[in-house]
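Take a look and give me a structure for this.
(one chain, ligands or ions: 1)
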Amino acid sequence: MATGFFWDEKCFWHAGGNYAYTLPLGGHVQPLAAGGLPENPETKRRLKNLMDVTGLSSDLDMRSAAMASREDLLRVHPEGYLDEFKRLSDAGGGELGRRTPFAAGGYEIAALSAGLAVAAVDAVMTGALDNAYALSRPPGHHCLPDFPNGFCLLANIAIAIEHAQSKGMAQRVAVLDWDVHHGNGTEAIYYDRDDVLTISLHQEGNYPLDTGAIADRGRGAGEGFNINLPLPAGAGHTAYLHAMDTIVLPRIAAFQPDIIIVACGFDASAIDPLARMLATADTFRQMTLRIKQIAEENCGGRLVLVHEGGYSEVYVPFCGHATLEALSGSKITAPDPLGPALDVRQPGPRFDAFLKGEIDYLAQQL
Ligand SMILES: [Zn+2]
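Now for the predicted structure:
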């Protein structure tokens with residue numbers, strides 16, 4: 001069994017602009033001593049570092065990849081957007097859209113980030129790997145074809161899907177987005193289509209504020225092929241697994257995809273600064289085991305996880321390590337140092353019962 005791990009140090013060199021957290025500098029907002037946006041390189045690099053320290057890296061097929069080609073990018077993004085992005089990047093950096101600053105060379109780094117996802121899907125579809133993880137940075141699930149937002153500059157997963165479809169490697173693709181924010185970019189790109197099932201589990205009323213409603217189910221041929229599951233703030237381990245078991249997994253199985261792609265954010269964790277959920281490393285482990293089983297039962301095990309958000313420098317590495325243990329079946333572990341403290345801070349039985357009721361209510365709306 002071979003699990004690929006696609007990463008590149010250059011992706012950690014993507015650099016943002018003049019922010020203190022999500023606030024633009026100026027007025028009463030003092031610059032931070034270190035870092036700017038919460039989407040900083042250490043939230044990703046420290047996962048790779050932990051894997052090296054524990055030895056998990058040696059159990060995986062560690063790879064880089066080429067930048068996504070211009071042809072690959074053009075299947076999702078209009079020429080005018082790519083040209084403007086490239087021009088600003090060559091001129092020293094800048095910002096397009098909302099909260100998406102980049103430095104000189106940001107265009108090439110974003111194309112490399114997308115290239116990691118393309119290569120991961122390619123390798124799994126051709127059978128070179130059983131499954132794979134792409135540590136893409138910058139992330140992609142918020143990016144619209146011509147409007148980058150939420151730290152996302154190119155739609156990594158959509159670029160990988162279009163590549164696979166254009167090469168005849170896959171027809172039907174299921175995308176499960178468990179990043180805590182709504183996968184508005186992926187939704188928008190596939191809203192009218194029935195060949196790509198998009199499911200987003202996210203915190204209700206977080207980001208973006210104007211998308212992610214249960215009523216947004218797709219349009220035309222795509223009606224019924226977009227599923228939004230907005231969960232109340234405070235949802236934890238039990239609620240996430242209930243949503244997976246009662247809605248997400250049966251829907252994916254019924255869709256009969258050729259491959260499953262997970263938009264894998266770790267910002268539903270209990271100590272993430274950009275959300276208010278209570279997932280733990282074990283939650284991500286259990287979700288990965290479940291989606292892996294569904295992949296094995298329905299599409300030959302073909303499964304690719306593409307990294308999205310997750311802003312706790314301390315905890316993302318442990319959530320990611322647990323995820324990769326589950327994905328690869330490796331016995332090399334990194335015990336969760338926060339697990340016991342977070343387990344006793346999970347929702348109590350009454351709130352969990354309420355959350356399950358909310359999830360069951362959502363299921364009735366689909
Ligand atoms: Zn997120």
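
Can you verify my assumption that Leu112 contacts Leu73?
No - because the distance of 11.7 Å does not satisfy CB atoms under 8 Å, Leu112 is recorded as not touching Leu73. All C-beta spots, glycine's among them, are computed from the backbone N, C-alpha and C.

Residue of this protein closest to the ion, please.
Gly309 (2.8 Å; CB to the ion).

Need the phi and psi values for that residue.
Dihedral angles of Gly309 (phi, psi; degrees, to the nearest 10) stand at phi -90, psi -170.

Do a quick rundown of the strands in the stretch 201-350 of the chain.
226-231, 259-264, 303-307 (DSSP state E, counting those that start in this stretch).

Output these in a markdown table, with mean pLDDT and mean neighbour count appended to each entry.
Below are the strands of the stretch 201-350 of the chain laid out as a markdown table (pLDDT from 0 to 100; neighbours: other CB atoms under 10 Å):
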| stretch | mean pLDDT | mean neighbour count |
| --- | --- | --- |
| strand 226-231 | 98 | 23 |
| strand 259-264 | 99 | 28 |
| strand 303-307 | 99 | 29 |
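
Nearest approach to Ala34 belongs to which of those strands?
With CB to CB as the measure, strand 303-307 is the member of the strands of the stretch 201-350 of the chain nearest Ala34 (22.0 Å).

what packs against the closest one?
Secondary-structure packing of strand 303-307 (3 or more CB pairs under 8 Å, 6 or more residues apart in numbering; DSSP states H and E): helix 106-125, strand 131-134, helix 156-166, strand 259-264, helix 281-298, helix 316-328.

anything in the last one sitting right up against the ion?
The one in question is helix 316-328. No - judged by CB under 5 Å from the ion, helix 316-328 makes no contact with the ion; its nearest approach is 11.4 Å.

Can you dump the C-alpha atoms of that helix in PDB for me?
Only the C-alpha atoms of helix 316-328 are listed here, as PDB (Å, rounded to 0.1, in the frame of the first residue of the first chain):
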ATOM      1  CA  VAL A 316      -2.400  21.400  12.900                       C
ATOM      2  CA  PRO A 317       0.700  19.100  12.900                       C
ATOM      3  CA  PHE A 318      -1.000  16.600  15.300                       C
ATOM      4  CA  CYS A 319      -4.300  16.700  13.400                       C
ATOM      5  CA  GLY A 320      -2.500  16.200  10.200                       C
ATOM      6  CA  HIS A 321      -0.300  13.400  11.600                       C
ATOM      7  CA  ALA A 322      -3.400  11.500  12.800                       C
ATOM      8  CA  THR A 323      -5.000  12.000   9.400                       C
ATOM      9  CA  LEU A 324      -1.900  10.700   7.500                       C
ATOM     10  CA  GLU A 325      -1.600   7.700   9.900                       C
ATOM     11  CA  ALA A 326      -5.200   6.800   9.000                       C
ATOM     12  CA  LEU A 327      -4.700   7.500   5.300                       C
ATOM     13  CA  SER A 328      -1.500   5.400   5.000                       C
END
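
Now do it and helix 281-298, the angle between them.
30 degrees (axes from the mean of the first three to the mean of the last three CA atoms, to 10 degrees).

so what does helix 316-328 touch, helix or strand wise?
Using 3+ CB pairs under 8 Å, 6+ apart, helix 316-328 sits against strand 3-6, helix 42-54, helix 56-59, strand 131-134, helix 281-298, strand 303-307.

The ion contacts on the chain?
Close to the ion, as judged by CB under 5 Å from the ion, the chain has residues 179, 181, 265, 267, 309.

Quick check: the third one touching His181?
So the one you mean is Gly265. Yes - counting by CB under 8 Å, Gly265 touches His181, with 7.1 Å between them.

buried stuff in stretch 356-366?
The neighbour-count check on stretch 356-366 (16 or more other CB atoms under 10 Å) flags 356, 358-359, 362-363 as buried.

ok, now which ones touch the residue lying closest to Gln286 once chain neighbours are set aside?
Closest residue to Gln286 apart from its sequence neighbours, by CB to CB, 6 or more residues apart in numbering: Leu241 at 5.8 Å. When contacts are counted by CB atoms under 8 Å, 6 or more residues apart in numbering, Leu241 is found next to 283, 286-287, 290.

mind putting the residues you listed in a markdown table, distance to Asp146 and neighbour count included?
Formatted as a markdown table, the contacts of Leu241 follow (distance: CB to CB, whole Å; neighbours: other CB atoms under 10 Å):
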| residue | distance to Asp146 | neighbour count |
| --- | --- | --- |
| Thr283 | 35 | 29 |
| Gln286 | 37 | 19 |
| Met287 | 32 | 27 |
| Arg290 | 35 | 16 |
